[in-house]
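> predicted model follows, preceded by the sequence.
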Amino acid sequence: MIRWEESPGGPVLTLLDQTRLPAEEVRLVCADVPALVRAIQTLAVRGAPLLGIAGAYGVALAAARGRDAEEAATLLERSRPTAVNLAYGVRLAADAWRASAGEGAERAAGAALAAARELHRRDAEASSAMAGHGLALLDELLPGGGGHRILTHCNTGALVSGGEGTAFAVALAAHRAGRLRGLWVDETRPLLQGARLTAYEAARNGLPYTLLTDNAAGSLFTAGEVDAVLIGADRIAADGSVANKVGSYPLAVLAKYHRVPFVVVAPTTTIDPGTADGASIVVEQRPGREVTEPPGALGEGLVVAPPGTRAYNPAFDVTPPELVTAIVTEEGVLSPVTGDGIAALCARSRQVTIS
Ligand SMILES: CSC[C@@H](O)[C@@H](O)C(=O)COP(=O)(O)O
């Protein structure tokens with residue numbers, strides 16, 4: 001979904017513009033960091049793992065074009081606040097650049113690019129490992145032979161990853177193994193990542209999927225039509241609290257009430273030892289206009305509220321650990337309630353600490 005390409009004017013990043021899907025597959029060309037920042041803020045490129053990869057390539061792009069890599073890193077890191085992967089990717093490439101800065105600009109730019117490529121490769125590997133662990137967990141939690149009926153929210157597939165994604169990759173693995181009875185796809189208001197992007201990916205992969213409005217989920221649970229909820233994450237705090245697309249927390253409450261497993265699938269790069277708990281997670285607030293004049297499938301600029309209406313539009317919400325059945329990472333399954341696996345991961349400090 002993201003490519004480093006050489007052009008006559010120097011290297012560029014090309015990205016599949018997610019704001020244009022599913023209507024058209026258009027690649028956006030970013031020749032500098034301000035263009036990449038715009039792509040991130042408009043959600044042309046989005047989703048936690050891909051934001052990390054894009055951030056790392058962004059630092060490499062600035063360095064390769066002789067721009068100030070430190071300034072680029074600051075701009076990129078500030079472009080969206082909640083997905084920790086963005087800061088992780090930016091810092092990884094910036095650290096690589098700094099470590100080689102004494103060897104000359106070309107070497108330092110090469111080191112930043114190598115770091116970005118390595119992150120991209122590792123994300124693809126993590127994705128297939130999560131799919132394997134996630135499917136094994138589903139089979140364990142749902143031993144009946146009739147196939148799994150999964151509900152998912154937002155978009156967590158190949159569009160947001162170096163591989164096949166996080167939660168979506170688990171559903172895909174279940175489908176390939178003949179064990180997916182159905183995928184319920186929340187439309188994910190207001191920007192419709194579920195309707196526009198997850199349905200697009202499900203259709204392309206031949207999954208048996210059904211779209212629903214976010215507020216129809218409760219009636220599905222009541223009807224006993226959901227065996228498990230699978231979502232991704234943008235940041236997992238050290239106490240196991242999970243920030244993900246707004247609308248995830250209500251699903252967790254519903255799942256708890258109906259005794260349905262609520263499973264989070266995320267690479268270890270989404271776990272942030274530097275954020276102690278859910279209350280410390282910064283939730284991005286987006287323009288109210290996305291609610292009053294929703295884009296995309298509802299019609300460009302369609303006005304659905306009287307002029308001057310104020311709208312509450314947080315991009316994410318935070319689910320407390322006691323509502324999360326398990327967190328599936330590439331290293332295996334963690335329990336957010338005991339916190340053991342998360343604490344061990346944090347203690348090992350495998351990642352750049354983000355605070
Ligand atoms: C694997 S992606 C997990 C999350 O990043 C995803 O569910 C999500 O919340 C993305 O939000 P977005 O605002 O579209 O970037």
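Cool, the structure landed.

> OK, contacts around residue 260?
Shown here is residue 260, whose contacts under the criterion Cβ atoms under 8 Å, 6 or more residues apart in numbering are 221, 226-229, 254. The way it works is simple: take the backbone N, C-alpha and C, and place the C-beta from them, glycine included.

> who wins for neighbours among the residues you listed?
Neighbours here mean other Cβ atoms under 10 Å. Within the contacts of residue 260, the largest count is held by residue 229, at 27 neighbours.

> nearest to the ligand, of the contacts of residue 260?
Nearest to the ligand among the contacts of residue 260 is residue 229, at 12.2 Å by Cβ to the nearest ligand atom.

> which parts of this protein are helices?
For the chain, the helices defined by DSSP state H occupy 33-41, 48-64, 69-77, 84-100, 105-141, 167-176, 199-204, 217-222, 248-257, 289-292, 340-348.

> mind putting those helices into CSV with mean pLDDT and distance to the ligand?
What follows is the helices of the chain, written out as CSV (pLDDT from 0 to 100; distance: least, Cβ to the nearest ligand atom, whole Å):
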stretch, mean pLDDT, distance to the ligand
helix 33-41, 98, 9
helix 48-64, 98, 4
helix 69-77, 98, 15
helix 84-100, 98, 8
helix 105-141, 97, 9
helix 167-176, 98, 7
helix 199-204, 98, 12
helix 217-222, 98, 15
helix 248-257, 98, 7
helix 289-292, 94, 11
helix 340-348, 66, 17
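
> okay, those, which one's buried deepest?
Each of these was scored by mean neighbour count; the highest is helix 48-64, a mean of 29, by mean count of other Cβ atoms under 10 Å.

> elements contacting that helix?
Using 3 or more Cβ pairs under 8 Å, 6 or more residues apart in numbering; DSSP states H and E as the contact definition, the elements that helix 48-64 packs against are strand 2-7, strand 10-16, helix 33-41, helix 69-77, helix 84-100, helix 105-141.

> for the ligand, give me its nearest residue in the stretch 51-200 of the chain.
Of all residues in the stretch 51-200 of the chain, residue 154 sits closest to the ligand, at 3.5 Å by Cβ to the nearest ligand atom.

> tell me the predicted confidence for that residue.
Each residue has a pLDDT score; the one for residue 154 is 98.

> quickly list what the spatially closest residue to residue 281 that is not a sequence neighbour is bridged to.
If you skip the residues right next to it in sequence, residue 281 has residue 243 as its closest partner in space, 4.7 Å away by Cβ to Cβ, 6 or more residues apart in numbering. In this structure, residue 243 bridges to residue 235, residue 318 when assessed by DSSP bridges.

> how about residue 243, what does it touch?
Applying Cβ under 8 Å, 6+ apart as the definition, the contact partners of residue 243 turn out to be 82, 233-237, 278, 281, 283, 316-319.

> give me the subset of the residues you listed that also touch the ligand.
Near the ligand, taking Cβ under 6 Å from any ligand atom as the test, the members of the contacts of residue 243 found are 233-234.

> possible to save the contacts of residue 243 as a markdown table with neighbour count and pLDDT?
Written out in a markdown table, the entries for the contacts of residue 243 read as follows (neighbours: other Cβ atoms under 10 Å; pLDDT from 0 to 100):
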| residue | neighbour count | pLDDT |
| --- | --- | --- |
| 82 | 21 | 98 |
| 233 | 29 | 98 |
| 234 | 30 | 98 |
| 235 | 30 | 98 |
| 236 | 31 | 97 |
| 237 | 26 | 96 |
| 278 | 21 | 97 |
| 281 | 22 | 98 |
| 283 | 16 | 98 |
| 316 | 25 | 98 |
| 317 | 19 | 98 |
| 318 | 23 | 98 |
| 319 | 27 | 98 |
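
> quick check, residue 10 in contact with residue 62.
No. Taking contact to mean Cβ atoms under 8 Å, the distance of 11.2 Å between residue 10 and residue 62 leaves them out of contact.
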